[in-house]
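[1] Here is the input, now give the coordinates:
(one chain, ligands or ions: 2)
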Amino acid sequence: MAARGLLSGMGCLFEMPAALGLVSRPYSTSQTFAEVLRLPKTQLTKLVFPLQELQRHLLPESRPVLHLKTFDPSLEDIARAESFFTATTRNRIEYLSSAEHLDHAPDLLRPEVCFIGRSNVGKSSLIKALFSLAPEVEVRISKKPGHTKKMNFFKVGKHFTLVDMPGYGYRAPEDFVNMVETYLKERKNLMRTFLLVDSVVGIQKADNIAIEMCEEFALPYVMVLTKIDKSSKGHLLKQVLQIQKFVATKTQGCFPQLFPVRNQEQMNIISLNYKDIINYSKYVRSWKVVT
Ligand SMILES: Nc1nc2c(ncn2[C@@H]2O[C@H](COP(=O)(O)OP(=O)(O)OP(=O)(O)O)[C@@H](O)[C@H]2O)c(=O)[nH]1
Ligand SMILES: [Mg+2]
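    Numbering: from 1, shown residues only. Ligands and ions are numbered 1, 2, ... in the order given. Okay, the predicted model is just below:
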């Protein structure tokens, strides 16, 4: 079905921005993304490119700033990348193990990506959303900060391993520093770190420490802005611009494009971006952001 469903769903999208170019090859896509493609244009744009609608609130001269730094994958990219997170017999997505220290982490050669951030920022929720096409994988989330106590390893097919980390700050596990710092510093196959920041409060002191750690260890990392459904447009815009400025002026290893997410909605489409950025990791290590 997939390719046909995707193509027919895309029919109404051709007048959209350049990012939504023609589909040249058929891709297998899940039912979920095919459904997203059938949404009315405004709803689809809001869901897939949540920062795009903020652009009209900017003064004309500041528009390029936001435009440059938002991530606008094509719908074709999205459909392709979604297949990484779709569980099938040939693409097994499963929980592997948990570890309280790097010494107990599974010894894997596959590239690894991890999710770090303050407790309660939404790390586990984002991973749960990424695994929405692998419903048998259990990812625990909680309203209470400090819920995830160990590093939890998940296999994503043959592609990579994904690690859900305990949060830092309020109610962090006692051995957090030993656990997470050692992991970030020494894990050889760590290709990408996703640093989640709550859009309601922006970059906090504890985030600064994590950012300094990523910089010191020369990790290629990406900032993800969570809970965007909880912020007004004005507030969100302020946070986005502040973070983009921060990333451009104060960081070396941070990917310049911000990933805004809301985990309350159909979310797996965001997953596509993760595969794409893993590919960038080879050259981002030495990448200095130019504004
Ligand atoms: N409104 C809203 N709530 C969210 C979003 N993401 C997560 N939450 C909520 O935030 C709370 C914490 O989510 P978790 O995913 O457990 O947070 P965590 O970062 O894994 O927290 P720790 O494991 O304690 O470090 C839960 O109640 C989630 O439902 C979001 O995008 N929007
Ligand atoms: Mg958690």
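[2] Tell me where the longest helix sits in this protein.
    Ranked by number of residues, the top helix in the chain under DSSP state H is helix 233-250.
[3] For the chain, which segments count as helices?
    2-10, 31-37, 41-48, 63-69, 75-82, 123-130, 176, 182-186, 205-216, 233-250, 271-284.
[4] is stretch 113-125 up against ligand 1 anywhere?
    Yes - between stretch 113-125 and ligand 1, judged by CB under 6 Å from any ligand atom, the touching residues are G117, S119, N120, V121, G122, K123, S124, S125. Any C-beta I mention is one placed from the backbone N, CA and C, and that applies to glycine too.
[5] which among these end up buried?
    Among the residues of stretch 113-125 next to ligand 1, those classed as buried by 16 or more other CB atoms under 10 Å are G117, S119, N120, V121, G122, K123, S124, S125.
[6] Also within reach of ligand 2: list those from those.
    Among those, the residues lying close to ligand 2 (CB under 5 Å from the ion) are K123, S124.
[7] Pull the most distant pair out of the buried ones among the residues of stretch 113-125 next to ligand 1.
    Spatial extent of these (CB to CB) is set by the pair S119 and S125 at 12.4 Å.
[8] Tell me the confidence at Q55?
    Listed pLDDT for Q55 reads 68.
[9] ditto for S271
    Reading off the model, S271 has pLDDT 38.
[10] picking up where we left off before, hmm, the longest helix of the chain in reach of ligand 1?
    No - using CB under 6 Å from any ligand atom, helix 233-250 stays clear of ligand 1, coming no nearer than 12.0 Å.
[11] number of nearby residues for the nearest residue to E82 once chain neighbours are set aside?
    Of all residues not flanking E82 in the chain, F33 sits nearest, at 5.1 Å (CB to CB, 6 or more residues apart in numbering). Using other CB atoms under 10 Å, F33 has 28 neighbouring residues.
[12] Could you do M191 as well?
    By other CB under 10 Å, neighbour count at M191 equals 22.
[13] What of the one 10 residues further on?
    Applying other CB under 10 Å, we find 13 other residues in the vicinity of V201.
[14] contacting residues for it?
    Under the criterion of CB atoms under 8 Å, 6 or more residues apart in numbering, V201 has no contact partners.
[15] Ramachandran coordinates for it?
    With angles defined as degrees, to the nearest 10, V201 sits at phi -110, psi -10.
[16] Could you report the distance from the nearest residue to G202 once chain neighbours are set aside to ligand 2?
    Of all residues not flanking G202 in the chain, Q239 sits nearest, at 4.9 Å (CB to CB, 6+ apart). Separation of Q239 from ligand 2 (CB to the ion, to the nearest Å): 22 Å.
[17] so Q239 sits right up against S199, yeah?
    Yes - counting by CB atoms under 8 Å, Q239 does reach S199; the two are 5.3 Å apart.
[18] And the pLDDT at the residue nearest to G202?
    If you check Q239, the pLDDT there is 88.
[19] Let me know how buried it is, in neighbour terms.
    The tally of other residues near Q239 (other CB under 10 Å) stands at 22.
[20] What score does Q252 have for pLDDT?
    We have a pLDDT of 91 for Q252.
[21] Please apply the same query to the one 10 residues further on.
    R262 is assigned a pLDDT of 75 by the prediction.
[22] cool, P60 as well?
    55.
[23] next one: the one 5 residues further on
    Note on V65: pLDDT of 54.
[24] now swap in M151 and tell me
    95.
[25] nearest residue to it other than its sequence neighbours?
    A99 (4.9 Å).
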